[in-house]
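A.B. asks: need a 3D model of the following:
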Amino acid sequence: RTGTPVTPAPHAEQWFATPHHPMLIFSGCNTSDVHPCTAATVHEFMRHGRSLSAHDQHVVVRRSVCTNMAYTALSGHPGPPGTVDGPAAAGHGKQARGRRGFTLPQTDAADALSSPHYQAILSRHNHGSCPMLLLAPMENLADRPARIALKETVGGFDEACTEFIRVPGHSDNPRATTRGITASYDANELGEVPLAAQLMGSNIDLLAAAAERLVTVKGAPRIDLNCGCPANVVTGGGAGSSLLRDPDQLHEVVRSLVAAVGGAVPVTVKMRSGFDDTSLYEDNLLAVQEAGAAFVTIHPRTKQQSYNGRADWSLIASAKQLLSIPVVGNGDIVSVASALAIYRETGCDGLMIGRGALQDPLLFRRIKAYFAQQQSSLEHFEDGLSVAQNPNGTSSLDSSQMTCQHQLYGNLASDPAVSGGVRECDLVIDFLKRYAAYGFDGSVNGAEQSLSQSGRIGRLKKVMKYIFSGQPELRAACCHLLRVQPGQVTAEQYLQQITQQVELHWQDGGPPEQILVNHVTMPGSSKAEQTWQAAHSTKMLAAACV
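C.D. replies: This next block holds a predicted model:
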């Protein structure tokens, strides 16, 4: 409780080295619940607590059992004094740290990343090549039609993840509930591109059952826990970003998922930086790591921020310093410039891109093309550049940085690796047509069969806001197209109007303006929003060029 690091007794190392007797750590919180930590207590908690995997060498049972920490080995050794909190953390290069500063033993949690797929995409970061690129899960945006359309037309991402699968807080028939909520998941949805399954909920038993079924029956290559959804309807039930209010509960949820999949696939977490604020940020990170997560993806905004303000990339950098598991950066990646900026500023192991992938469907290709360029080009961009600080603390580009930006996009626009020799506008149009055709079940022409004209036009408006946001001529056309009502045109006619504008105004090299979009509102709708977007744009471009 004091937070003072504790030196374990000499015989503690003997316990850690004993494979046949798991060491149980009982962490006490309640002064009113004081019980002697005897062998009988140990067996009682093992009987009533969660099931323990046979291969677990060290197990942590978090309950309010005693005021002070007590260690008991089943082999009968006496426990050392002290107050050490935290389970064994998953090792990944660095020595793991517990939440109270105590160095913890390494475990095999990182072995879940030993598959050829993860070894290949993670090793790129270690060798200075393009980092791991993931398509983010986004409800009602990066849904099945969008994922399939992106993969079939442009691709470029190493892995995608489903929008969250909602796990209820209670069920009278858990088996039927688990079958129902996992029924639509298809591990082969994207062919050779792996599709992870994201779960969202707070009921530990139902979450574990869903994870087990997704892996053993449905073939999911990775299970991800949603700790980022800011919607009140979600957080009110204790799920999504609400899990960030209690690091101990978060630990229990992740630990149950890890146990449920039995090491067969990685369990990962996508989280925000906090609920109301970032006061529990490090505790949450360490709880996730100690529970056995294989890697963590961080969107550095709090729940209260929702999608407002800027993502604080410095929090990703601090997580990279704190943790021994890989860290994936997420938030405000809308261009090659912003991808380079977050990568250089944080040292993260990978990038997860959501809204930016719909603003520029070729973004993943652009990032890979950039990293494939000769190192001499990168050195050329870096020469003689500096960031000018304005009195208000924002950054602006000087003339040399503007030249750098033009060179960056000019080179990528002429790189055949981006478009494959096809006009970029044709690839964007192909994406739009496929997106408009696919139904929510992934079937070709399913939208026509399952959606009304109004529903199909509404979907197109949502995606159009993103694609048209970063190019001035397209943004002007968007304002007009948003006013079109379903009764005035058919979905086919509306799609034709959109694609005509793309063919006329799409600029090779991607959107020249770095704008963040929330599809609930059109970007640039107010003077204040335009001012903020301009400041944010110059900051990202400066960071990428420096």
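
A.B. asks: mind listing residues that contact stretch 492-506?
C.D. replies: The contact list for stretch 492-506 (CB atoms under 8 Å, 6 or more residues apart in numbering) reads 424-426, 428-429, 432-433, 436, 457, 460, 464, 467-468, 471, 473-474, 477, 481, 484, 489. In short, each C-beta sits where N, CA and C put it, glycine included.

A.B. asks: could you do stretch 173-189 as well?
C.D. replies: Contact with stretch 173-189 is made by 144, 147-148, 162, 165-168, 171, 194-195, 197, 205-206, 209-210, 213-214, 217-221, 441-442, as judged by CB under 8 Å, 6+ apart.

A.B. asks: just to revisit the earlier point, please indicate which of the contacts of stretch 492-506 are buried?
C.D. replies: Buried members of the contacts of stretch 492-506, counted by 16 or more other CB atoms under 10 Å: 424-425, 428-429, 432-433, 436, 457, 460, 464, 467-468, 471, 474, 477, 481, 489.

A.B. asks: which of these fall within helices?
C.D. replies: In helices, defined here by DSSP state H, the members of the buried ones among the contacts of stretch 492-506 are 424-425, 428-429, 432-433, 436, 457, 460, 464, 467, 474, 477, 481.

A.B. asks: turn these into a markdown table, including distance to Thr177 and pLDDT.
C.D. replies: Formatted as a markdown table, these follow (distance: CB to CB, whole Å; pLDDT from 0 to 100):
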| residue | distance to Thr177 | pLDDT |
| --- | --- | --- |
| Glu424 | 45 | 94 |
| Cys425 | 46 | 95 |
| Val428 | 40 | 96 |
| Ile429 | 42 | 97 |
| Leu432 | 37 | 96 |
| Lys433 | 37 | 95 |
| Ala436 | 33 | 93 |
| Ile457 | 35 | 93 |
| Leu460 | 34 | 94 |
| Met464 | 37 | 94 |
| Ile467 | 38 | 94 |
| Leu474 | 44 | 94 |
| Ala477 | 46 | 94 |
| Leu481 | 42 | 95 |
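
A.B. asks: and which of those residues is nearest Pro300?
C.D. replies: Ile467 (25.6 Å; CB to CB).

A.B. asks: residues in contact with the closest one?
C.D. replies: Here Ile467 is in contact with 358-361, 428, 432, 474, 502 (CB under 8 Å, 6+ apart).

A.B. asks: change it to 10 Å
C.D. replies: By CB atoms under 10 Å, 6 or more residues apart in numbering, the contact list for Ile467 reads 358-361, 428, 431-432, 474, 478, 498, 501-502, 506, 511, 517.

A.B. asks: hang on, the earlier thing: make a PyMOL selection of whichever of the contacts of stretch 173-189 turn out to be buried.
C.D. replies: Restricted to buried positions by 16+ other CB under 10 Å, the PyMOL selection for the contacts of stretch 173-189 reads:
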select buried, resi 144+147+148+162+165+166+167+171+194+195+197+206+209+210+213+214+218+220+221+442
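
A.B. asks: so which of the contacts of stretch 173-189 sit within strands?
C.D. replies: Among the contacts of stretch 173-189, the ones falling in strands (DSSP state E) are 165-166, 195, 197.

A.B. asks: span of stretch 184-203 from start to end?
C.D. replies: End-to-end distance of stretch 184-203: 21 Å, with CA to CA, to the nearest Å as the criterion.

A.B. asks: now do the buried residues in it.
C.D. replies: For stretch 184-203, a neighbour-count test (16+ other CB under 10 Å) marks 185-186, 189-190, 193-203 as buried.

A.B. asks: ok, so of the residues you listed, who is nearest Ile367?
C.D. replies: For these, the minimum distance to Ile367 (CB to CB) is 15.9 Å, reached by Val193.

A.B. asks: that closest one - nearest residue in space that isn't next to it in sequence?
C.D. replies: Once flanking residues are discounted, Val193 sits nearest to Lys151: 5.8 Å by CB to CB, 6 or more residues apart in numbering.

A.B. asks: check which helix or strand covers the one you found.
C.D. replies: helix 144-153 (DSSP states H and E).

A.B. asks: by how many degrees do that helix and helix 424-437 diverge?
C.D. replies: Relative orientation of helix 144-153 versus helix 424-437 (axes from the mean of the first three to the mean of the last three CA atoms, to 10 degrees): 150 degrees.

A.B. asks: at which residues are the helices of the stretch 351-500 of the chain located?
C.D. replies: 355-359, 363-372, 375-382, 399-413, 416-419, 424-437, 446-450, 453-467, 472-481, 491-505 (DSSP state H, counting those that start in this stretch).
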